[in-house]
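Asks: show me how the following folds:
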Amino acid sequence: TGVPQGMIACAHGGTMMEQWDPKRKEEGDLSLYGAMLNRVIRNGGLVSGMIWYQGCSDAEAGRLPLFQKRMKEFVKAVRRDFAFPGMPCVQVQLSHFTAYSNDAHELWTAIREIQRILPSQLKKLATVPAIDLELDDPIHLSGEAQVILGKRLADAMMNLLGNSPVPPPIELDAIKSKGLLRNGETQVQLTFKNVSGSLKADGRPSGFSVNYPGKDHAFRTELKGSRVILHCPNEPISSVGYGYGCNPYCNIHDELGRS
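Replies: The predicted model follows:
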């Protein structure tokens, strides 16, 4: 941009949304939310946007039902307390995780789905995926992956600010299915928007599941421009997912390498 960029680090690893409750701001530095506000005040009081990466600790049965409400309240409170109603916010969708328990697959998938749809519920908010990035331990991204994620976050933030040549993060646009009786096949076609160029894969396209969560029920995954066509056995379609569970393998991206 030709303009110096600065970041005020306010993160704390392993925290839950309830620990970031805006109602605790009066506790000042004794609360995560209050400490965040104070850091910004000590650095001049003005920011251009917020980057947020959280959700692992809320992927539990007792916290999951409140996660979406807490996230919306948190973003609204930050914008109010910084007197910046249109503050652009970019959040990272949870990556993968290998040290999981048996019930964690549905919980992590549910958190990712909430993060996926949140931009449709809050203006000036974008979600950036990390599902395809490499880890350096069972849960944390590698250094190389952090650099890739940083570029994705920067592109998404610049897009919200209206001055990026890169499209917004890729989103699902439409989905439909049809049966082909002549060869006993059902096709599921997904159309995506904001794809730069065409969708690609390194090797056989992987990551989608149809009807059976986490299982590659499609016998062929075909990529055509901004469309994905799943060729499946001929049966009613009840569900379609991408990146189900804690540790899926997802390798589909656009020509800019964006998942």
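
Asks: please make it C-alpha for all contacts and neighbour counts, starting now.
Replies: Will do.

Asks: give me the mean pLDDT for the helix or strand containing residue 33.
Replies: Assessed by DSSP states H and E, residue 33 sits inside helix 32-42. Averaging pLDDT along helix 32-42 gives 96.

Asks: in that helix, what counts as buried?
Replies: Using 16 or more other Cα atoms under 10 Å as the test for burial, helix 32-42 gives 32-38, 40.

Asks: please apply the same query to stretch 114-125.
Replies: By neighbour count with 16+ other Cα under 10 Å, stretch 114-125 contains the buried residues 115-116, 118-119, 124-125.

Asks: do stretch 222-234 as well
Replies: Here stretch 222-234 shows 223, 226-233 as buried, counting by 16+ other Cα under 10 Å.

Asks: which among the residues you listed gets closest to residue 194?
Replies: Within those, proximity to residue 194 (Cα to Cα) peaks at residue 226, which comes in at 8.5 Å.

Asks: quick check: pLDDT value at that closest one.
Replies: We have a pLDDT of 98 for residue 226.

Asks: one step back: contacts for the helix holding residue 33?
Replies: 8, 10, 19-22, 24-29, 46-47, 81 (Cα atoms under 8 Å, 6 or more residues apart in numbering).

Asks: again, 6 Å this time
Replies: Helix 32-42 is contacted from outside by 10, 20, 22, 25, 28-29, using Cα atoms under 6 Å, 6 or more residues apart in numbering.

Asks: quick one on the thing from earlier: now the buried residues of stretch 114-125 as CSV including distance to residue 65 and secondary structure?
Replies: Shown next, in CSV, are the buried residues of stretch 114-125 (distance: Cα to Cα, whole Å; DSSP: H, G, I helix; E, B strand; the rest coil):
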residue, distance to residue 65, secondary structure
115, 13, helix
116, 16, helix
118, 15, helix
119, 18, helix
124, 24, coil
125, 21, strand
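
Asks: contacting residues for residue 57?
Replies: Residues near residue 57 by Cα under 6 Å, 6+ apart: residue 16.

Asks: nearest residue to the middle of this structure?
Replies: By Cα atoms, centre = their mean, the mean C-alpha position of the chain lies nearest to residue 93, the distance being 2.4 Å.

Asks: please name the nearest non-neighbouring residue to it.
Replies: With sequence-adjacent residues excluded and distances taken as Cα to Cα, 6 or more residues apart in numbering, residue 93 is closest to residue 129, at 5.0 Å.

Asks: distance of that neighbour from residue 46?
Replies: In this view, residue 129 and residue 46 are 28 Å apart by Cα to Cα, to the nearest Å.

Asks: give me the pLDDT for residue 136.
Replies: Looking at residue 136, its pLDDT reads 96.

Asks: contacting residues for it?
Replies: Contacts of residue 136 (Cα under 6 Å, 6+ apart): residue 142.

Asks: how close does it get to residue 33?
Replies: With the distance defined as Cα to Cα, residue 136 ends up 29 Å from residue 33.

Asks: which strands and helices lie in contact with the lowest-mean-pLDDT helix or strand in the chain?
Replies: Every helix and strand in the chain was compared by mean pLDDT, DSSP states H and E; the lowest is strand 171-180, with a mean of 91. Contact partners of strand 171-180 among helices and strands, from 3 or more Cα pairs under 6 Å, 6 or more residues apart in numbering; DSSP states H and E: strand 185-193.
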